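Q: please work out how this folds:
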Amino acid sequence: MRIDSSTIKFITVLMGLLKILDANELNSEMTMPFIQNESLRHCLNLGNALEAPTEGDWGIVLKAEHFQLIKEAGFTAVRVPIRWSSHASENAPYQINISFLDRINWVVNQAIENELAIVINMHHYQDLFSAPQAHRNRYLCLWNQISTYFQDAPNTVLFELLNEPNGKLTSNLWNDLLTECIEIVRKTNPERTLIVGPANWNHISAELDKLVLPDNNIILTVHYYDPFHFTHQGAEWVNGSDKWIGTSWSNETRQTQKIESDFLRVSNWAQEKKVPVFVGEFGAYNKANLQDRILWTNYVRQQAEKFNFSWAYWEFGAGFGVYDRETKKWRMSLLEALIPKP
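A: Reported below is the predicted structural model:
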């Protein structure tokens, strides 16, 4: 059997991890999220597809060839943003459209067939953010259905319970809702590794200190788009972002120290809580200078790996894309910032 360099790296990291963990804990659920997090070490977001109101609305429909390309490029996992709330009844029992569930199942199977770990999440549930109490039961019922449908999926399928809690879904409300959601998911998925992030858009901020993790089989996720005026310059969905066009980024000390200090803060929090970290989104929009994007992407990726965080670049083939769907080619300089050639 041929063992490639990626496999050797995985084995080396895994062996180092097992040495760190206390021998008495090797059979505990505390070990599992660290092992699962290693499977996410080089992850790619399949953005602008299933988190659109309807797949294709934002220009991307997922195809089998996409998963093959992603695997061949050296990625180990995909994260799939999903707008479940647009595909379920507004009234109890909030039934998810079965054809949509089957579509997600196809996506999961494509990842499995290509030996990619996969994160399925709940994305863009805007009504939950604006009216948390009114949508509490619907959110819980959606996860009850999702977790039941995928209860027999392999452990390479991870559930991310909510993308970027924000608005009126404050830290306290999110902690309460999270506890109840995990109780529901655990009824059918007692050993499934779950991914959870703080309020305030999963941002590395004071909200992280307010996050309560009610379960040991959890990976912490944070998102990183700082400096925002650089990463989102010209972004059509961000008010006033045209004024930021031309914002540069370089790897001078002033710029890099901010990233280092942010990641160190997360690392210290995670070590205290004994939880692994997944940088579930980071990327810079295509209105930024390409060379600056490459520098920033490479540096964020390096810092994540320095602290043993897994990561997921935002995203595959749209405005932040590392892949050009028109030419059907990777943007190699950007790809190599994420997965350097050996």
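Q: which ones are touching A288?
A: Neighbour list for A288: 230-231, 233-234, 247, 249 [criterion: C-beta atoms under 8 Å, 6 or more residues apart in numbering]. The way it works is simple: take the backbone N, C-alpha and C, and place the C-beta from them, glycine included.
Q: inside helices: which ones of those residues?
A: Counting by DSSP state H, the members of the contacts of A288 that fall within helices are 230-231.
Q: of the contacts of A288, closest to V322?
A: Ranked by distance to V322 (C-beta to C-beta), these are led by T231 at 14.5 Å.
Q: test my guess that the closest one contacts H223.
A: No: with contact defined as C-beta atoms under 8 Å, T231 does not reach H223; the gap is 10.6 Å.
Q: which one of these two has more residues nearby?
A: Taking other C-beta atoms under 10 Å, T231 and H223 do not tie; T231 has more neighbours (25 against 21).
Q: next one: that one from A284, what distance?
A: 4 Å (C-beta to C-beta, to the nearest Å).
Q: can you list residues touching both of the two?
A: Looking at what touches both T231 and A284 (by C-beta under 8 Å, 6+ apart), the common residues are 225, 296.
Q: pick out the most distant pair among the contacts of A288.
A: Pairwise over the contacts of A288, using C-beta to C-beta, the maximum falls at G234 and W249, 14.3 Å.
Q: of the two, who's got more company?
A: Each of G234 and W249 has its neighbours counted (other C-beta under 10 Å); W249 has more, 22 against 17.
Q: could you pull up the contacting residues of the more buried one?
A: Residues counted as contacts of W249 (C-beta under 8 Å, 6+ apart) are 227, 230, 255, 284, 288, 292-293, 295-296.
Q: go on, N172?
A: Each residue near N172 by C-beta under 8 Å, 6+ apart is listed here: K210.
Q: in terms of helices and strands, where is it?
A: helix 171-188 (DSSP states H and E).
Q: pretty sure I104 is touching I118, no?
A: No: if you go by C-beta under 8 Å, I104 and I118 don't touch, sitting 10.1 Å apart.
Q: find residues that contact each of those two.
A: Shared contacts of I104 and I118, defined by C-beta under 8 Å, 6+ apart, are found at V80.
Q: more neighbours: which of those two?
A: Legend: neighbour count by other C-beta under 10 Å for I104 and I118, higher for I118 (25 against 19).
Q: now do the helices in the stretch 101-250 of the chain.
A: Taking DSSP state H, counting those that start in this stretch as the test, the helices found in the stretch 101-250 of the chain are 126-130, 132-149, 171-188, 228-231.
Q: what's the last one packed up against?
A: Spelled out, that is helix 228-231. Packing partners of helix 228-231 (3 or more C-beta pairs under 8 Å, 6 or more residues apart in numbering; DSSP states H and E): helix 290-306.
Q: ok, now the second one?
A: Under the contact criterion of 3+ C-beta pairs under 8 Å, 6+ apart, helix 132-149 touches helix 98-113, helix 126-130, strand 157-160, helix 171-188.
Q: so which of those is the most packed in?
A: The highest average neighbour count among the helices and strands packed on helix 132-149, using mean count of other C-beta atoms under 10 Å, belongs to strand 157-160 at a mean of 22.
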